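1. 3D, please:
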Amino acid sequence: MGENSQPRASSAGHPQGLSGLLGELVAEDPSLAQRFADAGLDAAQVADIRQLDALAVQPKDDLVSARAAHGRRWTPQRIFQSPGPIYEVQPPGEDPWRWAQALRSAGLQPADRVINCFGYHLSPAGAMFDEAVVAAGATVLPAGIGSQQLQVQAIQDLDVRGYVGLPSYLKALIDIVAEAGGTPADFPVRYALVTAEPLPQDLRKVLQEWVPTVRMAYGSAEAGLIAYEDGSGPGMVEGDEIDVQVCDISTGAPLATGEGEVVVTLARRAAPLLRFGTGDLSAWVTDEHGAVVTDDQGRRRLTGILGRSGEATKVRGMFLHPRQAATALDGVEGLAEFRFVITRQNHRDEVRCEYVSTSGADLDEVLSERIRAALRFSAEVRQVAELPADSPLLADQRSWD
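-> Predicted coordinates:
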């Protein structure tokens, strides 16, 4: 049992407790039964969630395969498609991704109006926060991404007090007001919960000149909320109803100090996660003596996201994996080689596709369309004479200083 471990995940009110719930899950999912067998665990004997630390960490690819193989035990309200494609389902219940607690902490009050600037098209983020705002007793303005002039007008017309979305997108909305000669008095948003990309201090400072409270949160499509800033201490406090660990990326053992992979457990009947590896790297906030810092409820604090344990990188709030990039441009006639270069300008991710043509032919248009259709973002496309030797397919040149 790791020193940083405290049981926080629930067994979803199962009448037979954790062992009864796990027994049902193992009986229905052969891949989960094999994980238990490999760990030497008997589900019927698991009375404490810390016993699950014996399970090997489950990477996302294995989770997707397992769910596809044995089906689902309920009819979801929504099914989402992430790049890959990977299909995610909405768990049942009110606020199924549990973001309402972070919104309330940021300042949401019942009857507030909150603009949701996460995408509603195929990906789950828009629905996640839509459900959370309603569960917290507020009204959603389902803005999504795009039409920023209209969004700014709606914020002003409706006296919108809250914002959820990317921090860079909030800055884009503020820039529209500023460019029209407006001041912070013309922007009624009082609090913002931002996630899905880093929030460097210089950007936070700019945002807070317009929005008094800007809080960072962290989650995933599978788990929903994992941790969030609560304003009472450093880092992000772990969310309720979820067990969070920082684990050694080689052994999967929980760590009290040092950098490791964020591993989460949601012991529930629908869409359970048992030692699921997010692929994100983090560490627990510690004091000058090396002890893990907790709040008055005993909740620990993550330092923030320090990187990725795998090859994927996050671009404009969505993960991009080298295999997705390769698949997107597979089979383009005349394309010899290519790479994606990711930079950041004015707090916005910029993507450039550099390519070499076999005959020198211009492939800009066909590559632009392929990228837009397969990866759901636009990219500058540039033909070059040659690519740098040993360059990765995804060349991330961003700096978060």
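2. contacts only, for the residue lying farthest from the centre of the chain.
-> Outermost residue of the chain with respect to the C-alpha centroid, by C-alpha atoms, centre = their mean, is S359; its distance is 41.1 Å. Contacts for S359 (C-beta atoms under 8 Å, 6 or more residues apart in numbering) come out as G334. From N, CA and C alone the C-beta is placed, and that goes for glycine too.
3. do you know how far it is from F187?
-> S359 is 52 Å from F187, where distance means C-beta to C-beta, to the nearest Å.
4. show me the helices in the stretch 1-150 of the chain, by range?
-> Counting by DSSP state H, counting those that start in this stretch, the stretch 1-150 of the chain has helices at residues 17-28, 30-39, 60-70, 100-106, 125-135, 148-157.
5. could you give the angle of the second one to helix 60-70?
-> Translated: helix 30-39. When axes from the mean of the first three to the mean of the last three C-alpha atoms, to 10 degrees is applied, the directions of helix 30-39 and helix 60-70 differ by 130 degrees.
6. tell me what helix 30-39 is packed against?
-> Applying 3 or more C-beta pairs under 8 Å, 6 or more residues apart in numbering; DSSP states H and E, one finds that helix 30-39 makes contact with helix 17-28, helix 60-70.
7. could you rerun that using 10 Å?
-> helix 17-28, helix 60-70, strand 273-282 (3 or more C-beta pairs under 10 Å, 6 or more residues apart in numbering; DSSP states H and E).
8. pick the most deeply packed of the ones you listed.
-> strand 273-282 (a mean of 22; mean count of other C-beta atoms under 10 Å).
9. touching the helix or strand just after it from outside, list them.
-> Remark: after strand 273-282, the chain's next helix or strand is strand 301-302, criterion DSSP states H and E. Strand 301-302 is contacted by residues 218, 226-230, 232-238, 244, 246, 262, 280, 282-286, 292-295 when judged by C-beta atoms under 10 Å, 6 or more residues apart in numbering.
10. next secondary structure element downstream of strand 301-302?
-> Next element after strand 301-302 (DSSP H and E): strand 307-308.
11. and the very next helix or strand once past that following strand, what's buried?
-> Going down the chain from strand 307-308, the next helix or strand is strand 313-315, by DSSP H and E. Within strand 313-315, the residues that qualify as buried are T313, K314, V315, counting by 16 or more other C-beta atoms under 10 Å.
12. okay, those residues in TSV with pLDDT next?
-> Listed next are the buried residues of strand 313-315 as TSV, based on pLDDT from 0 to 100:
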residue	pLDDT
T313	77
K314	77
V315	84
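13. what about the stretch 301-401 of the chain, any weak spots by pLDDT?
-> For the stretch 301-401 of the chain, the stretches with pLDDT under 70 are 309-312, 400-401.
14. rerun at 90
-> Residues of the stretch 301-401 of the chain that meet the criterion pLDDT under 90 lie in 304-328, 330-331, 344-349, 358-361, 372-378, 389-401.
15. just the helices in it please.
-> Using DSSP H, counting those that start in this stretch, helices in the stretch 301-401 of the chain cover 322-328, 364-375.
16. include mean neighbour count when you put those into CSV, please.
-> Converted to CSV, these look like this (neighbours: other C-beta atoms under 10 Å):
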stretch, mean neighbour count
helix 322-328, 16
helix 364-375, 16
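17. and those helices: which comes nearest P110?
-> P110 lies closest, by C-beta to C-beta, to one member of the helices of the stretch 301-401 of the chain: helix 364-375, at 39.2 Å.
18. other SSEs contacting the closest one?
-> helix 322-328, strand 335-345, strand 348-357, strand 380-383.
19. before we move on, back to that, so which of the helices of the stretch 301-401 of the chain gets nearest A111?
-> Per C-beta to C-beta, nearest to A111 of those: helix 364-375, 39.2 Å.
20. dump the closest one to PDB, keeping only the CA atoms.
-> Extracted in PDB, the C-alpha atoms of helix 364-375 (Å, rounded to 0.1, in the frame of the first residue of the first chain):
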ATOM      1  CA  ASP A 364      -0.900  21.400 -50.100                       C
ATOM      2  CA  GLU A 365      -4.600  21.200 -50.900                       C
ATOM      3  CA  VAL A 366      -5.000  17.500 -50.600                       C
ATOM      4  CA  LEU A 367      -3.000  17.300 -47.400                       C
ATOM      5  CA  SER A 368      -5.000  20.200 -45.900                       C
ATOM      6  CA  GLU A 369      -8.300  18.400 -46.600                       C
ATOM      7  CA  ARG A 370      -7.000  15.100 -45.300                       C
ATOM      8  CA  ILE A 371      -5.900  16.700 -42.000                       C
ATOM      9  CA  ARG A 372      -9.100  18.600 -41.500                       C
ATOM     10  CA  ALA A 373     -11.300  15.500 -42.200                       C
ATOM     11  CA  ALA A 374      -9.300  13.000 -40.100                       C
ATOM     12  CA  LEU A 375      -7.800  15.000 -37.300                       C
END
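21. same question for stretch 231-245: list its buried residues.
-> G235, M236, V237, E238, G239, I242, D243, V244, Q245.
22. can you tell me how far the third one is from E88?
-> When you say that, I think you mean V237. For V237, the distance to E88 - C-beta to C-beta - is 25 Å.
23. break this protein down into its structural domains.
-> Following automatic domain parsing, one finds the domains of the chain at 17-74+240-309, 100-218, 318-396.
24. deepest-packed of these, please.
-> Highest mean neighbour count among those (mean count of other C-beta under 10 Å): domain 100-218, a mean of 19.
25. show the average pLDDT along it.
-> For domain 100-218, mean pLDDT is 96.
26. what's the span of that domain, first residue to last?
-> 13 Å (C-alpha to C-alpha, to the nearest Å).
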